[in-house]
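Chemist: pasted the sequence and its predicted model underneath.
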Amino acid sequence: MSALLETRNLERSFGAVTAAVDINVSINAGEVVGVIGSNGAGKTTFINMVTGYLKPSAGEILVDGRSIVGLQPRAVVRAGVGRSFQVAQLFPELSVLDNVLVALGLSVDRKLTLLRPLHSQKRRRKALEILAEYEIAGHADEVVATLPQGVRKLLDIAMAMLSSPRLMLLDEPTSGVAIEDKFALMETVMNRVRKSNAATLFVEHDMDVVQRYADRVLAFYDGRILADGTTAKVLSDPKVQELVVGHHLDIEVDSADAYESTVVPMEVRNA
Amino acid sequence: MRLDSLKPLSLACAVAAGTLVTSVQAAEEYKLGLVTFLSGAASGPFGIPAKNAADLVIDAINDGTLPAPISGKGIDGRQIKPIYVDEAGGATKQTAEYRNLVDREGVDSIVGYISSGDCLAIPPVAEELKTLTVLFDCGTPRVFEEGDYKYVFRSHSTASMDNIAAARYINETVDSLKSISGINQNYSWGHDSWRDFTETLKVLRSGDIEITTEQFPKLFAGQYGAEISALMVKPADVVHTSFWGGDTDALVLQAAARGLLEDNQMIFTAGETALNSLGEHLPDGVIIGARGPFGPFAPESELNTWFQSEFTKRFGTPPTYPAYHMAQAVIGLKLAYDKAGADATTEQVIDAFEYMEFEGPGGKVSMNRGKGHQAATEMVYGRLTRSNGEIGFTDVRRYAADCVNPPEGAITEEWIKAGMPGAKCD
Amino acid sequence: MQTKSIFLLIGGALGLFVLGLLVPEWLSYLMIIAMGKGIVVLGVVLLMRAGLVSFGQGLYYCIGAYVAGTLTQFAGISDVLLILLASIAASVLVAALVGLLLCRYRGIFFAMFSMAFSMILYGLLVRSSVLGSTDGFNVLRPSLLGWVPTDDASSDLVLAVAVVMVMILGSLMWLYLRSLSGYAGEAVRENEIRVEYLGTSVFRIIYTKYLIAAALAGIGGTVTALVSGHVDPEMAYWTTSGEFVFIALMGGTSHVAAPMVGAGLFELLRTYAFAIAPYTWQMILGSTLLLIIIFLPSGLWSLVSRFSRQARG
């Protein structure tokens, strides 16, 4: 089957600095991929290129077979890509419910109706249903600025999922969230995601979360993909453990799993 | 009561009180609305001197102390009560204030308006509200050239007179006149002044005049370095300016510092108001106009002597032309009422005022343009000179009213270009 | 519910019209001016809610006024409906061009650019001796569908036009602000990135609101020109635009009635300041605004909402 997301020789430099190079990735519908790497390894650059925020210096990005290079973020979103943010991007002075209502209108309804009120019974009900899916319906009338981090991140993800994206990119979904709430958040999100059969990439620093929810892992290092394979294989790779994770992980490996190793030997590059 | 709820409440009370006030007029009072610049850049050189003149003349009329032949106390036997309104805020604001004066204050008539914009906006409202209005100072000729008004009078000549006479003066008194340049403020007053001046000169010299440069700095610019440089780089035999107020002061100071005044013959068409403050910087020979026979150019008369001495005594400085303009307007109004007789209606006063000829502190005023509503006076120019430290004038030339004012029915610009037909000059 | 609102609106309009006929002339005139300016401020508030402060609405206010003046004075067209249509068309056309550049900017840059465009028109008008330069020219009396009113009746006609415009535009704006399009403005103000990532163009949202605000300013300018009988370039000067922002701050941005209330109180305040303190009226105006900003930062309308909340609660 053709891949949902495919990047070929993707590259991005900022002047003399190469932020990402030689990125070749192929992701299918239904896959849940964890993206790991230390800060500056190229994960965010990769995500930004896929969502249209950054233009690649070279290479190709295909969503559903269509090239999205050069498209504005809003066009990329309409092509079926959704994104949540490390710092939740919400409408702080509006209530949670209004956030969803506006987001529904802008992303799904699309017709910027001039005179029909936003707050109709039907829309309220739909918005509350959506909030319920993320278990934050109880906060419906609270103003966003007053909410705890976990609720904000859920709302951010909910808003990104409204247009039923075929490819969902979650940028550090649990960052800033209290440890005891991380798994609850991921449970809620993953339930929702699996129901939609979207291809999902989530950037994560917490290896427990990665282990628990990712079927596959992309490990970034120094602008390149260090490893790409099943979670167990990648996380047990000693190179990955040394360069990315920073410490030893106890992982059980099933040697029957396919393992695409793209381990690249270290090169000395010119400054 | 909390502070923030006190405010709207008191505002509401003020509104209620204001709307309930009906025009309760004491039987012996003549309410006169007076509109002039009480704030802003025009108040210093124009608005306040005008207001002072109004106070002086109104008090004298009320007491009956104006010299003969003006007689009687008050207007129509009633004591004049002045109601002052600041002319600031623009034409739309002024039409609102005009209506307030008529509807809310119940004035009998209104004397006012220095700004040409206001002088164009007010007459239709005056006609609508059928209120006698005397425009006392604005320059634009357009008022009666573009419309006929029954209730509106203008008791002074338009600014066209200033510049037509200026052209005649330099044509007659400047030897081997070949070129002119100008620095005028970038709005209608400045543009119209320069246009009337140059077009008249072209007619007088059959086109034989060169314009080396024309500068139009922004109104109230205050800094004329670039313009003065341009005037010096492109010298001309005469430099024309219609600057007024603070701009004149700034120009004189800056021009004096750079030698522009010494090296060039300058003519200040409205320069009289600056004499008191800037006299020391003005070199001998500079040509000054006072927008008519006013101030140092006023002909000898009992009324003028009275006006000069009383004004100087009361306010500390001699009266300048805005003061003369105001005195002329109020006196003209009073004389119209006297002519119409006791208990005259507004329409009867209008009949009396039309085509009236009277003597103001600046001499003869003939209401013989604009179908009897627009005044014409003579225009005077002179060269500054000093004797014993006192400022005086030489080479004073007087231009008859019918020489430098476009005749009845003529449009200034067209009349000049046509060669000023019908002008009666000696 | 719908029919009840319509009846209330019609009733309100009739009431306002009758009030305008009954009060003394000077107050009626003030009311019409306040309504004209209030309509402009409606547009200023719309932009403020989208996070933009326009110091250049005078551009369209002046266009609307000069269209009214030019049509009545030079083209012999006095029908008030035609004049309104022409002003709206002219304002929206200019806004469509100006907005292409202006709506790419935010904050202080938007404010300064909007002011610059307005001053460009000012400069052009000052240079035009045909249009009377700084003195401007007079606007002749309007007519309606062939009926040419007498002098007295023509001010009643303008009153009626003003009242009808206020009611229609106020209601439309009220409905608009509660719709998705209205909320889109709030969203843009709150978080442009989020709006883009929901797949919608921020530029298009702002551009649309800019066009609406321009049309409102044009209508306001026409009403003012018809009632005052005079137009001049001062209407495009930045201080006129500043006055609209002043009124928007005074009234508040939370309700469509706030600009009208703000404009009305501003005009009343100014005329009484003139009467009480002919030499220092500017101080009264300035101090009042200062007090409002300090004690009522959400504008005078916040008093209304506070009282109604107290009454209910």
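Modeler: Great, that's in hand. Residues are numbered from 1 along each chain as shown, chains lettered A, B, ... in the order given.

Chemist: contact residues of the stretch 51-200 of chain C facing chain B?
Modeler: C:126, C:129, C:132, C:133, C:134, C:135, C:136, C:137, C:138, C:151 (CB under 8 Å from any CB of the partner chain). Glycine gets a C-beta too; all of them are placed from N, C-alpha and C.

Chemist: swap the cut-off to 6 Å and go again
Modeler: C:133, C:134, C:135, C:136, C:138, C:151 (CB under 6 Å from any CB of the partner chain).

Chemist: contacts only, for the second one.
Modeler: The contact partners of residue C:134, by CB atoms under 6 Å, 6 or more residues apart in numbering or on different chains, come to B:187, B:188, C:126, C:233.

Chemist: ranges for the strands of the chain?
Modeler: Went with chain A since none was named. Taking DSSP state E, the strands of chain A run over residues A:5-14, A:17-27, A:32-36, A:58-63, A:66-67, A:81-84, A:167-171, A:199-203, A:216-221, A:224-230, A:259-260.

Chemist: meant chain C, my bad for not saying
Modeler: Under the criterion DSSP E, chain C carries strands at the ranges C:137-138, C:230-231.

Chemist: also the stretch 251-400 of chain B?
Modeler: B:265-268, B:287-289, B:357-360, B:363-369, B:374-376, B:379-387, B:390-399 (DSSP state E, counting those that start in this stretch).

Chemist: ok, which of the ones you listed comes nearest residue C:62?
Modeler: Put simply, out of the strands of the stretch 251-400 of chain B the one that sits nearest residue C:62 is strand B:374-376, at 30.4 Å, with distance taken as CB to CB.

Chemist: and chain A, which residues reach chain B?
Modeler: Looking at chain B, no residue of chain A is close enough under CB under 6 Å from any CB.

Chemist: where in chain B is pLDDT low?
Modeler: Within chain B, the stretches with pLDDT under 70 are B:1-27.

Chemist: for it, longest helix please?
Modeler: helix B:321-340 (DSSP state H).

Chemist: how many neighbouring residues does residue 66 have?
Modeler: Looking at chain A here, since you left the chain open. The tally of other residues near residue A:66 (other CB atoms under 10 Å in any protein chain shown) stands at 10.

Chemist: think we crossed wires, I meant chain B
Modeler: Other residues lying near residue B:66 total 22 when counted by other CB under 10 Å.

Chemist: need phi/psi at it.
Modeler: Note on residue B:66: its backbone torsions stand at phi -70, psi 150 [degrees, to the nearest 10].

Chemist: tell me the secondary structure at the residue lying closest to it once chain neighbours are set aside.
Modeler: Taking CB to CB, 6 or more residues apart in numbering or on different chains, and ignoring the residues beside it in sequence, residue B:66 has residue B:60 as its nearest neighbour in space, at 4.8 Å. At residue B:60, secondary structure determined by DSSP: H, G, I helix; E, B strand; the rest coil is helix.

Chemist: count the residues that sit near residue B:60.
Modeler: Look at residue B:60: counted by other CB under 10 Å, it has 19 neighbours.

Chemist: measure it to residue A:153 for me?
Modeler: Distance, residue B:60 to residue A:153, by CB to CB, to the nearest Å: 84 Å.

Chemist: for the chain, give me the ranges with low pLDDT.
Modeler: By default, I'm working from chain A. The model of chain A has pLDDT under 70 over residues A:1, A:110-112, A:249-271.

Chemist: wait, chain C
Modeler: Low-confidence segments of chain C, defined by pLDDT under 70, are located at C:1-2, C:312-313.

Chemist: longest single helix anywhere in chain A?
Modeler: The helix that spans the most residues within chain A, counting by DSSP H, is helix A:179-196.

Chemist: buried residues, it. List them.
Modeler: By neighbour count, with 16 or more other CB atoms under 10 Å in any protein chain shown as the criterion, the buried positions of helix A:179-196 are A:181, A:182, A:183, A:185, A:186, A:188, A:189, A:190, A:192, A:193, A:196.

Chemist: so what's the spatially most central residue of chain B up against?
Modeler: The central residue of chain B, meaning the one whose C-alpha is nearest the mean C-alpha position (CA atoms, centre = their mean), is residue B:137 at 2.8 Å. Contact analysis of residue B:137 by CB under 6 Å, 6+ apart lists B:114, B:322, B:325.
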